Each structure stands twice: as structure tokens, then as C-alpha cells.
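*Asks:* Generate coordinates for the sequence data below:
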Amino acid sequence: MKTSLALLLGLTVAASVGAQTATPTVTDPDLAVRTVVSGLTQPIALAFLGPNDFLVTEKSTGRVKRVVNGRVRTIVLDLPVNSASERGLLGIALHPDFRRNRWAYLFWTQSSTGADSTVPAEVGNASVASTASPLGNRVDRFVWNPQTQRLRFDRNIVVLRAFQADAGQPERGNHNGGVIRFAQSDRDARDRDFDFANGKSHDRNDRRDQHEQLFIIIGDTGRRGVLQNLMDGPIGPGIDDDQFGGPEPDRAHLTGVVLRLNDDGSTPNDNPFHEFGASLGGQVGANLQKVFAYGIRNSFGLAVDPWTGELWESENSDDAFEEINRIEPGHNGGWIQTMGPLARVAEFKAIETAPDFLGLQQMRWPPDNIADSPVEARSRMTDLPGSHYGEPQFSWKYALPTAAIGFLENRSLGRKYLGDLFVGAATPATSGGHIFRFDLTRNRQRLAWSDPALADQVADNDAKHSLLESESLLFGTGFGVSTDIQTGPSGGLFVVSVSSGSVYEIHRTLPDQE
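*Replies:* Below you'll find the predicted structure:
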């Protein structure tokens, strides 16, 4: 039986808040975990206004709450979301110059009726499409008013598709992604210092006349077309590949991608497909100009390395080969032709066609279609001018599934953790909700580890949710489904758990003696 992160988000979190059975712990005896706030309803992302002061989004209610010193002070925004399956209020990011312009950005799924729909699409709910339009996902910019403690709508940044509903199969409300992150303006974050007490920003460069770039990740939403490495869709040349037509990436088909947009929604002219899009013209060309990376199945983890400005992503598989990727401009992740290392595509096919796992959530492109060799899989991929196939930095043979990722940006946990990448895993067992820790190489281009079993860059676990060959990476357990991991402005590693309705902080119990 499949157990995807879609089901974990859409089914298990629908239980009563605080129903988590495990207590979060970490493996380092010099560190501890404290609950910052609990009793939230499916919290999914946070953004810091200052020390002990942050905004947290609730996936199913559409509410943004302000938490100060561990208590919910106020509801600053209440949006009419469709929260079926993986939909809802999914992402938040503050503008890098927030202290001056007060801009906050939200990724959310708008309910077309103004009412919530919480029934998971995977159980075959026929009414899902009636409460979300094809373009129901959106990123909007809001303005924070510190006097009223409210967010006010300012402008729409982009609208994106929200579902896939081919005839003969259940409507899909999953693979929405929804994490948003700003690019690093200054390549070295250590050159920046924020005076939170006085609300002043001390930057070496004045950015007032510059656009900041926003990364937006959206999953494939069940789509099977050009940006999922199927030039002619799942059927063949001349045949529409879904109920919206295609296969061109028109406005309803811009899925399975990372977008890179300016802070006003315009398109940066140095995006990897900007020139190619201009040569195509029209809506198709304009949309390709927005794309930073494609061939992505789904993701709940997106982070910008504060030292290099490069983008990292955790990617969910169906059953085989979860991934961690460093995403360069023009990255093609390979989905749906492969997941995991290209050399192991035969294992990918073997797992996905096994009786216990059969199916890729799209009946018109079954797993039997997966290529039998790396050469064949690579030859089938969509090679947009300026693109390159990107091998994953690390994979798990069987799905966990992966969730949030984040870098530790200071020495608050000790010098040995500075700059490390932390990865959440939403395993459903009562002791699950693991967090893994990865070192990076000196040039921060690759992940590093000491376990020789990981020399092939794959944890060859023997079943779904198994930790086999991940033991040396294990940093914490019991965090549930972690949907955001961030460094706090005054230190500590904060973890948002959608399944426990809590925000946790991992902190050091003793002074750093290293």
C-alpha cells in the first residue's frame, strides 16, 4: 500500500491537534529540543520578524498567526483556502528588505467558492475540482502593518495550476509544492547584520533600486507533458495529454518546476530560458522565461545556501529514489523518465512496477513505460536550449518521504554544525519524523559524509521508510511531518511540525567549548 507525503499531509494531520505520539529528541547530548508553541492547526511554514517573534502559516485554516514569546498574539490574515490533500496555505517568505518595504509573500490555494474543502483527493472525492479552479494556486504579495498587526493584499505575483483530473481516475489535489524562498542578495550572508531591536538593516549595498529574486517551487500536480520530460504527452504525437490540452507549457501547464521571478512578479532577464522563450514568443515563450528548473516531481524542501547563494531542494519520489539536489540554472531533474541516479533507472522501474507499488498517480503513463536503460531514459528527456540534466546529490532507494530542508547559519548549536544542511523525513512510525544532518564539502558544491556505505551517494534501504544506511546521518527523531527548518535570528534551529501542531527549537544546553 502506498504511503506518500500527500497522504500524511491530507489524512494523518486531519486528526486532532497534538496527537503526535513521539517526543522530539536529538542524538547530540549537548543539544536539546523545546516546544516554542503548540496547539496550532497544521502549521506549515514560518517567517521571523525578530527574536522570539515570527509569523506562522496554517495549511488548512488559511490563517497567518503571529507568535511572540511562545504565544499566539493575533491572527494577521485569514485566507479562503482549498486545503484538500496537499493544497492550502503552503509557503511564506519575507522580502530581504522587509524592514523598509514590509513585503510578505504567500503561496496558497484559493477556494473558488470561498469555502474550505479538506477531503483528500486520493480517496476519489468528486467535488474537489468544484472548489478550486485549474489556476487555483497563487503567490501574492502582502504588506505588513506593524500598528494593526495585519497583512494587507498588495499584488498578485503569479497564478499556477491546482489540479489534474483526467477521465477515468480520481482528481488530484497533490503535488502542489508551495515552498518559496528569496535568493541571496549578498553572496556572503555574513556581510549582513540586522539590528532587530531598532528595526534597521545594515547592508553593505543599498538595494532600494534593485529587484530581489523569488524562487517558487510547484510539483507536477499530476501533469504529464513537456516539463515532465514527455515531449508529446503520455499518449503520443497529436493527442492532447490531459483535459486542458497541451502539451505546450501554457498557463495551465506550468508545473513540475522552480520559477525565478522578480519581487514584483516580472521575469528576470538572466533566467536560463529567457532568450529561448523570447524566440518562441506568445504565452508559451513568456512562461518558459519564468522557469529556473524543471523535471521536478514534488518538493516540500527548498533552501538557499547563505554562503554561496545556490539553491538546494529535497524531492519526493513515488516509491523509489527520494532525492536531494543542488539546483543550478537550467536544471532538468529527469522526472518522469527517472528518479535517483540515472545509472540506476532499472532499479527505479523495478520498484515502481512491483505489485505493492504499481502506479505513478497518472493512469495514462503507467510505470511500465519507464525506460530499461540509462541511455534510453536520457534520450527521452526534454532538452530545452540552455538546460542540463542534473544528477541528484543524494538519494534513498526506497521513499521515506523527505520533507523540509534548511541550513544552520550560525554557531548556536556548536561550531561543528555551522553551515550544515538539515533534512526532515516524514516517516509515519510512532518514533518517526526523523531529521538528517549533512556536512558539505569545503567549496559547498557537494554533500559530504564519513560512512563508506554512502560512497555511491545512495542510502540503499531495504523498504519504504527504512533507515538502513542512514544511521550515520540521523540527527533527530520524533518531529513528525516537518515542513519548515530555519535558523532563528538569535540562534537555534527551528522545526515546524504540521502533524503535531507545533514549532520546536533545537538549542545548545552548554556553552560552545570547541
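*Asks:* what number of residues lie near Leu106?
*Replies:* If you count neighbours by other CB atoms under 10 Å, Leu106 ends up with 27. C-betas here are computed from N, CA, C, even on glycine.
*Asks:* Next: Thr148.
*Replies:* 10.
*Asks:* go on, Asp78?
*Replies:* Count around Asp78 with other CB under 10 Å applied: 14.
*Asks:* isn't it right up against Glu58?
*Replies:* No - with contact defined as CB atoms under 8 Å, Asp78 and Glu58 do not form a contacting pair (9.6 Å).
*Asks:* Quick check: neighbours shared by the two?
*Replies:* Both Asp78 and Glu58 are in contact with Val64, where contact means CB atoms under 8 Å, 6 or more residues apart in numbering.
*Asks:* Tell me how far the closest residue to Trp312 other than its chain neighbours lies from Ala404.
*Replies:* Excluding its sequence neighbours, the residue lying closest to Trp312 (CB to CB, 6 or more residues apart in numbering) is Ala303, at 5.0 Å. Counting by CB to CB, to the nearest Å, the gap from Ala303 to Ala404 is 8 Å.
*Asks:* likewise Lys349?
*Replies:* Using CB to CB, we find Lys349 at a distance of 29 Å from Ala404.
*Asks:* Next: Val64.
*Replies:* 18 Å.
*Asks:* Can you give me the pLDDT of the residue nearest to Trp312?
*Replies:* Ala303 is assigned a predicted lDDT (pLDDT) of 98.
*Asks:* is it true that it touches Gly406?
*Replies:* Yes - if you go by CB under 8 Å, Ala303 and Gly406 touch, sitting 5.2 Å apart.
*Asks:* so what sits against both of these two?
*Replies:* Common neighbours of Ala303 and Gly406, counting by CB under 8 Å, 6+ apart, are 421, 485.
*Asks:* Regarding the residue nearest to Ala453 when sequence neighbours are not counted, what is its secondary structure?
*Replies:* For Ala453, ignoring the flanking residues on the chain, the nearest one in space by CB to CB, 6+ apart is Glu469 at 5.0 Å. Of the three states, Glu469 takes coil according to DSSP: H, G, I helix; E, B strand; the rest coil.
*Asks:* how many neighbours does Glu469 have?
*Replies:* Using other CB under 10 Å, Glu469 is surrounded by 18 other residues.
*Asks:* Quick one: residues contacting it.
*Replies:* Counting by CB under 8 Å, 6+ apart, Glu469 touches 451, 453-454, 458-461.
*Asks:* What would stretch 461-468 look like as PDB? C-alpha coordinates only.
*Replies:* These are the backbone C-alpha positions of stretch 461-468, laid out as PDB (Å, rounded to 0.1, in the frame of the first residue of the first chain):
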ATOM      1  CA  ASN A 461      17.500   0.900   2.400                       C
ATOM      2  CA  ASP A 462      15.500  -2.200   2.000                       C
ATOM      3  CA  ALA A 463      11.900  -1.000   2.300                       C
ATOM      4  CA  LYS A 464       9.900   2.200   2.400                       C
ATOM      5  CA  HIS A 465      10.600   4.300   5.500                       C
ATOM      6  CA  SER A 466      13.600   2.200   6.400                       C
ATOM      7  CA  LEU A 467      16.700   3.900   7.900                       C
ATOM      8  CA  LEU A 468      19.100   1.300   6.600                       C
END
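*Asks:* Pull out the buried residues from it.
*Replies:* For stretch 461-468, burial by neighbour count (16 or more other CB atoms under 10 Å) applies to 461, 464-467.
*Asks:* now those residues as CSV including pLDDT and distance to Leu280?
*Replies:* Formatted as CSV, those follow (pLDDT from 0 to 100; distance: CB to CB, whole Å):
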residue, pLDDT, distance to Leu280
Asn461, 96, 43
Lys464, 91, 41
His465, 90, 43
Ser466, 92, 45
Leu467, 92, 46
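*Asks:* Narrow those residues to those in helices?
*Replies:* Assignment to helices by DSSP state H places none of the buried residues of stretch 461-468 there.
*Asks:* Most widely separated two among the residues you listed?
*Replies:* Largest separation among those by CB to CB: Lys464 and Leu467, giving 11.3 Å.
*Asks:* May I see the buried residues of the lengthiest strand in the chain?
*Replies:* Ordering each strand of the chain by length in residues (DSSP state E) puts strand 150-160 first. The neighbour-count check on strand 150-160 (16+ other CB under 10 Å) flags 150-151, 154, 157-160 as buried.
*Asks:* Not counting that strand itself, show me its contacts.
*Replies:* By CB under 8 Å, 6+ apart, the list of residues contacting strand 150-160 from outside reads 64, 76-77, 103-105, 135, 137-145, 214, 216, 218, 251, 254-255, 259, 261, 264-265, 290.
*Asks:* now do 7 Å
*Replies:* The contact list for strand 150-160, computed with CB atoms under 7 Å, 6 or more residues apart in numbering, reads 64, 76-77, 104-105, 135, 137-145, 216, 218, 254, 259, 261, 265.
*Asks:* strand partners of it, parallel vs antiparallel please.
*Replies:* In the sheet, strand 150-160 lines up against strand 137-145 (antiparallel) (DSSP bridges).
*Asks:* can you pull the buried residues of the strand it pairs with?
*Replies:* Across strand 137-145, burial judged by 16+ other CB under 10 Å covers 137-142, 144.
*Asks:* swap in stretch 296-316?
*Replies:* For stretch 296-316, a neighbour-count test (16+ other CB under 10 Å) marks 296-308, 310-316 as buried.
*Asks:* Over to stretch 272-288?
*Replies:* Neighbour-count burial for stretch 272-288 flags 272-274, 276-277, 284-285, 287-288 (criterion: 16+ other CB under 10 Å).
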